[in-house]
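Student: sequence first, predicted coordinates after that:
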Amino acid sequence: VQLQASGGGLVQAGGSLRLSCAASGRTFSSYAMGWFRQTPGKEREFVAVISWSGGSTYYADSVKGRFTISRDNAGNTVYLQMNSLKPEDTAVYYCAAGPHSGSYSATYGYWGQGTLVTVSS
């Protein structure tokens with residue numbers, strides 16, 4: 001499966017953005033989908049994951065209550081709605097596909113190219 005992330009940009013603190021990740025291939029609905037983020041000099045950090053059916057989601061404590069992950073299996077797309085953004089949310093955000101839900105990057109075999117989110121104070 002090939003993944004294409006989009007929707008990043010510059011936003012003021014307290015604002016919102018919605019990231020999208022479009023997937024190619026007919027097997028999208030069989031994959032758990034995750035979002036990770038990375039800043040220079042740091043390891044890639046787990047943000048959120050959604051099960052293949054969309055029935056189960058899990059979030060990092062740092063984004064819980066502010067971010068929402070969802071998916072549209074008919075449209076081969078996963079979303080990350082980000083509200084109440086903070087400067088510390090600034091990062092390159094990556095979507096990923098894997099055989100099951102998990103918070104470790106090694107769980108995922110397919111990665112998108114990343115989209116930059118910058119939150120100004």
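Tutor: Now that the structure is in, tell me what you want to look at. Keep in mind that what you see is a predicted model, and the values were worked out from it rather than measured.
Student: for Arg66, which residues are in contact?
Tutor: Each residue near Arg66 by C-beta atoms under 8 Å, 6 or more residues apart in numbering is listed here: Met82, Asn83, Ser84, Leu85. Where you see a C-beta, it was placed from the backbone N, CA and C, and this is true even at glycine.
Student: identify those among those that sit within strands.
Tutor: Those of the contacts of Arg66 mapping onto strands are Met82, per DSSP state E.
Student: tell me the most packed of the contacts of Arg66, by neighbour count.
Tutor: Of all the contacts of Arg66, the highest neighbour tally under other C-beta atoms under 10 Å goes to Met82, namely 27 neighbours.
Student: surely that one meets Phe67?
Tutor: Yes - assessed by C-beta atoms under 8 Å, Met82 is found in contact with Phe67 at 5.1 Å.
Student: reformat the contacts of Arg66 as CSV; add pLDDT and distance to Gly8.
Tutor: Below are the contacts of Arg66 laid out as CSV (pLDDT from 0 to 100; distance: C-beta to C-beta, whole Å):
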residue, pLDDT, distance to Gly8
Met82, 98, 10
Asn83, 98, 15
Ser84, 98, 17
Leu85, 98, 11
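Student: could the contacts of Arg66 be laid out in a markdown table, adding distance to Gly75?
Tutor: What follows is the contacts of Arg66, written out as a markdown table (distance: C-beta to C-beta, whole Å):
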| residue | distance to Gly75 |
| --- | --- |
| Met82 | 20 |
| Asn83 | 22 |
| Ser84 | 26 |
| Leu85 | 25 |
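Student: centre-most residue in this structure?
Tutor: Nearest to the mean C-alpha position of the chain, counting by C-alpha atoms, centre = their mean, stands Trp35 at 2.5 Å.
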